[in-house]
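K.L.:
Sequence plus predicted model, see below.
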Amino acid sequence: MSTIEPLPDKSSEASPGVPEVPADVLAELRSTWTPRPAPDGPGRAARHRLAEAARRLVEAVKLADAEGDADALQSVADDVSDLAARIAALPSLRDREPNLADLQLHERSPLVGAANPLAPPMELEADGPVIRAHAVFNAAYEGPLGRVHGGYVAAAFDEVMGVAQSGSGRLGMTAYLTVRMKRSTPLHERVDYEAEVTRVEGRKAWVTARSYAGGVLVADAEGLFVRPRALVLQDEARAAGEA
Ligand SMILES: CCCCCCCC(=O)SCCNC(=O)CCNC(=O)[C@H](O)C(C)(C)COP(=O)(O)OP(=O)(O)OC[C@H]1O[C@@H](n2cnc3c(N)ncnc32)[C@H](O)[C@@H]1OP(=O)(O)O
């Protein structure tokens, strides 16, 4: 198995075809995913703890043996069902307008959200124009035995690349995402990601990304992010108002 050099520091490199984005604009674009801050109060800390407990619960359920004690499984199914009802009876985000902290990707996303039990969660950081991330996928993400399911391999890329597109100076939606899975992505060990914008044309931005396990390239991806026409019209109206 060939290994590669540690991920290069590209923080000071400008790619041809990618406009220079002023630091303040970039900071604003990236404000929806800032690296995860400490919880802003005891309620949020408790919510993160609940999500982490739910992650352990999901993995434990996934691994529960059908050949074990059926009565014990029925009993914990009753307990989990009661717990779900207790949580659903607590005040819900469905009942109020979300605030900025609720809307942050690092809070709510199914890949990086600390409050979302579906998220491993991935950790994100900016290194100049390059977005780096890492994650450990537990047994709940298993596709082929001992390996991450291909859909989650692609989803992790979409998240990292969706953040990296801010290097284009604007945000768009994933129009296409092509992932080349060169090797299996392993469970239970750290997977590293890096992504950056490689080309910008009008409202289209192309982003490439790579993932590594133990320093070995396991997958790479290319995606097109398109700023929706409706948002472009809003941008133009705002710019005309400011002129
Ligand atoms: C706004 C910030 C959100 C951040 C989200 C981050 C990542 C995500 O996970 S997004 C969720 C998954 N993605 C989606 O749900 C996207 C669904 N699709 C859409 O909403 C629309 O098709 C959208 C926005 C991509 C394009 O729609 P629209 O604004 O009408 O653009 P449209 O006029 O059709 O196309 C614009 C240009 O893009 C090109 N284009 C659009 N889609 C594609 C595609 N799939 N492949 C190649 N080119 C495409 C068109 O050919 C056109 O090119 P040109 O200007 O050269 O003729």
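P.N.:
Looks like it came in fine.
K.L.:
what about the lowest-mean-pLDDT helix or strand in the chain, distance to the chain center?
P.N.:
Least confident element among the helices and strands of the chain, by mean pLDDT, DSSP states H and E: helix 23-29 (a mean of 73). In terms of CA atoms, centre = their mean, to the nearest Å, the gap separating the centre of helix 23-29 from the centre of its chain is 20 Å.
K.L.:
so where's the protein shaky on pLDDT?
P.N.:
Residues of the chain meeting the criterion pLDDT under 70: 1-16, 28, 31-34.
K.L.:
Tell me which stretches of it form helices.
P.N.:
Along the chain, counting by DSSP state H, helices occupy 23-29, 42-63, 70-88, 100-103, 105-108, 150-164, 229-242.
K.L.:
Now do the residue lying farthest from the centre of the chain against Asp78, distance only.
P.N.:
Seen from the C-alpha centroid of the chain, the residue lying at the greatest distance (CA atoms, centre = their mean) is Asp71, 37.9 Å away. Between Asp71 and Asp78 the distance is 11 Å, computed by CB to CB, to the nearest Å. Glycine gets a C-beta too; all of them are placed from N, C-alpha and C.
K.L.:
Write out the residues of the protein neighbouring the ligand.
P.N.:
158, 162, 171-176, 204, 224, 226, 228-229 (CB under 6 Å from any ligand atom).
K.L.:
Most neighbours among the residues you listed, which one?
P.N.:
Gly162 (23 neighbours; other CB atoms under 10 Å).
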